[in-house]
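K.L.:
I need the structure of the sequence given here:
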Amino acid sequence: MTQRPESTTGTATPEPPAVPSPLAPAHPPLAEPRPLAERRVWPRTFHDRLTAPLPGLKAMARFAREGSVRPTRDGLADIPRLPCAPAPLPRADARTVAVTWAGHASWVVRIGGLTVLTDPVWSRRILGTPARITPVGVAWEDLPRIDAVVISHNHYDHLDAPTVRRLPRDTPVFVPAGLARWFHRRRFTRVTELDWWEAAELRPEGSGGRRPGVRFDFVPAHHWSKRSLTDTCRSLWGGWVLTDPDGRRVYFAGDTGYGHWFSRIGRRHPGIDLALLPIGAYDPRWWLADVHCDPEEAVRACQDLGARRMAPMHWGTFVLSAEPVLEPLTRVRAAWEKAGLPREDLWDLPVGASRVLE
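P.N.:
Got it, this is the predicted structure:
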């Protein structure tokens, strides 16, 4: 979300970009999958994972002086032009990889015989934000059985309690370190929390172990976490790389600013077929640059990742910042063209639309 945390006295020094050693492997080995629903003990805080300092008193005073960051009337005038085209989900089997954009950072990902939801937010309104400006792209009752949910971090526009309450309590949920407690309090029984660079594996029910499962790797992001006045950075934040048994990969970035993590993720997970990357909630830059990519940075991140395709997200759903509502789309298209990338590899989907990875 666009709100930033209160001033803190102890923040991590940003980690400089890594320069690969000539002796380092081109693709560092992946971690062995951890047990599902493992109970773990974590540090009290993850402040040391921040890659930019949290704002201090001067930034907070400026934000208070300038007031709420929202688009002008002209910036909101294009709401009726926002692309929205709900359609039935594509057919999918165990060898299908397909994505459907439900809006914001919520995707229905069909991969390896599983249906996975990312950061599911089906509510019309989230705390502290006007109601959504486009409808949810997929009606809840039209969803197939949900085999797994991945959560990137605990901000309200990515972890929505009313939506989560709609899920069966035995739904496998994959969350950042420190966030399992939130789900356990809501009686979820199959919660797997992971640290950066850790992984778990989930097989479709009824597969009988005949085919490997889908691998869920938790990877770093340039962001932070907060859900109340007292829990700043008490849980981790990050993105997810989903890999099917045939080696096809979908990267879900969650919420992130631009930085060195993208190239590291790309080295560890080569051959990403599709990157779901955020392009909105970026203005004003002095306030949001550390935690939200702008469209040009998202295109650069896709290149750093070595991803073959990019699908923009985190725009056109909630009004979280000051840029005109249609600007993220026009800018990402221009940046993609300027980078000389094939137009067919930019999956700039309307809300509710799907694409199948051939």
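K.L.:
on the three-state scheme, the residue most central in space within the chain is what?
P.N.:
The centroid of the chain falls nearest to residue 254 when counting by Cα atoms, centre = their mean (1.3 Å). Under DSSP: H, G, I helix; E, B strand; the rest coil, the three-state class of residue 254 is coil.
K.L.:
wait, it touches residue 223, no?
P.N.:
Yes - the pair residue 254 and residue 223 qualifies as a contact (Cβ atoms under 8 Å) at a distance of 7.2 Å. C-beta here means a position set from N, CA and C on the backbone, and glycine is covered the same way.
K.L.:
what do these two both touch?
P.N.:
Shared contacts of residue 254 and residue 223 (Cβ atoms under 8 Å, 6 or more residues apart in numbering): 152, 153, 237, 238.
K.L.:
just for the stretch 201-350 of the chain, where's the confidence low?
P.N.:
Where the stretch 201-350 of the chain drops to pLDDT under 70, the residues are 208-209.
K.L.:
quick one, strands of it?
P.N.:
214-219, 239-243, 249-252, 274-278, 310-313 (DSSP state E, counting those that start in this stretch).
K.L.:
relative orientation of the first one and strand 239-243 in degrees?
P.N.:
Interaxial angle, strand 214-219 versus strand 239-243 (axes from the mean of the first three to the mean of the last three Cα atoms, to 10 degrees): 150 degrees.
K.L.:
residues in contact with strand 214-219?
P.N.:
Contacts for strand 214-219 (Cβ under 8 Å, 6+ apart): 30-31, 33, 111-114, 116, 148, 150, 174, 176, 192, 194-203, 238-245, 251, 261, 265, 268-269.
K.L.:
check which strands are paired with that strand and give the direction for each one.
P.N.:
strand 199-202 (antiparallel), strand 239-243 (antiparallel) (DSSP bridges).
K.L.:
which one of those strands is the most hemmed in?
P.N.:
Comparing those by mean neighbour count (mean count of other Cβ atoms under 10 Å), strand 239-243 comes out on top with a mean of 25.
K.L.:
and the contacts of that strand?
P.N.:
So strand 239-243 is in contact with 109, 111-112, 116, 118, 150, 152, 174, 214-221, 249-254, 256, 265, 269, 272, going by Cβ under 8 Å, 6+ apart.
K.L.:
check stretch 36-53 too.
P.N.:
With contact meaning Cβ under 8 Å, 6+ apart, stretch 36-53 is reached by 8, 10-12, 14-15, 172, 177-178, 180, 189-193, 196, 200-202, 220, 222, 224-225, 232-237, 257, 259-261, 290-291.
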